[in-house]
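J.: have a look at this prediction, sequence included:
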Amino acid sequence: MKYSQQVVSLILLVVLSLSVPASAASADTSSNISQMVFSVPGAIQKDTGNIGHDYVLLNVVLSQDYTYVRSGRSISPRITIKNQGGDDTNQGNVPVEAWLGDTILIPVHGEFIPLKGGTSAMYTLRYMIPQDVPLLPNHLTLKIDPWNTRNESGNGPNDLTTKALIVIEDKKADDFI
């Protein structure tokens, strides 16, 4: 019992000796604010070099809800993409294929430069409407790297269809007006 009292006395003595300098320091200052130091861990750098890239097509925008175009002319969709994987270290640009309904469009500028891991970008692409496209209004569908030539490792959505319609005007009907 006597030993436990000595331990408790020693602990109280240590606590009091530590609290006296702190209270003396606060008496010297004009404010009654106690100083607390918080340590925050530094920003953790994500090592994206070991995992493969994973492009995600976030948005496809046309200039209007209804885009009127003739065959032989071009359309320019604006895409927003994100590489949610690692750095894309493959050579060359990333291809983007476009369809109008079931008709594949001819790429004029249908690619974008590779992105580092965790970055996103916006690009305006351009596609030519072929002569044999049906004259039905259709939605535009875009797909990033449709043949997986860049060996993408993730499973993010690579294709997206616009809500806007593209209406093909009949060139022959306009010639008679």
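T.: Now that the structure is in, tell me what you want to look at. Numbering: from 1, shown residues only.
J.: let me know how buried the nearest residue to R73 once chain neighbours are set aside is, in neighbour terms.
T.: Leaving aside its sequence neighbours, R73 sits nearest to I129 (CB to CB, 6 or more residues apart in numbering; 5.8 Å). C-beta: built from backbone N, CA, C; applies to glycine. The number of residues packed near I129 is 19, by other CB atoms under 10 Å.
J.: what do you get for T149?
T.: By other CB under 10 Å, the residues close to T149 number 11.
J.: surely the residue nearest to R73 meets S76?
T.: No - counting by CB atoms under 8 Å, I129 does not reach S76; the two are 11.7 Å apart.
J.: can you list the helices and strands that the longest strand seen in the chain packs against?
T.: When the chain is parsed with DSSP state E, its longest strand is strand 159-169. If contacts are counted by 3 or more CB pairs under 8 Å, 6 or more residues apart in numbering; DSSP states H and E, strand 159-169 sits against strand 55-61, strand 66-70, strand 138-144.
J.: please enumerate the strands of this protein.
T.: Using DSSP E, strands in the chain cover 55-61, 66-70, 74-75, 78-83, 94-100, 103-104, 106-109, 111-112, 120-124, 126-128, 138-144, 159-169.
J.: neighbouring strands - and their directions - for the last one?
T.: Counting by DSSP bridges, the strands paired with strand 159-169 are strand 66-70 (parallel), strand 138-144 (antiparallel).
J.: hang on, the earlier thing: Throw the strands of the chain into TSV and include mean neighbour count and distance to S153, thanks.
T.: Listed next are these as TSV, based on neighbours: other CB atoms under 10 Å; distance: least, CB to CB, whole Å:
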stretch	mean neighbour count	distance to S153
strand 55-61	18	10
strand 66-70	14	35
strand 74-75	17	31
strand 78-83	19	11
strand 94-100	21	14
strand 103-104	16	26
strand 106-109	14	25
strand 111-112	17	18
strand 120-124	13	18
strand 126-128	18	28
strand 138-144	20	14
strand 159-169	16	17
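J.: could you redo those strands as a markdown table and give each row mean pLDDT and distance to I11?
T.: Converted to a markdown table, the strands of the chain look like this (pLDDT from 0 to 100; distance: least, CB to CB, whole Å):
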| stretch | mean pLDDT | distance to I11 |
| --- | --- | --- |
| strand 55-61 | 91 | 58 |
| strand 66-70 | 79 | 79 |
| strand 74-75 | 90 | 79 |
| strand 78-83 | 92 | 57 |
| strand 94-100 | 94 | 66 |
| strand 103-104 | 93 | 80 |
| strand 106-109 | 95 | 76 |
| strand 111-112 | 94 | 67 |
| strand 120-124 | 94 | 57 |
| strand 126-128 | 95 | 77 |
| strand 138-144 | 92 | 66 |
| strand 159-169 | 86 | 66 |
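J.: understood, closing this out.
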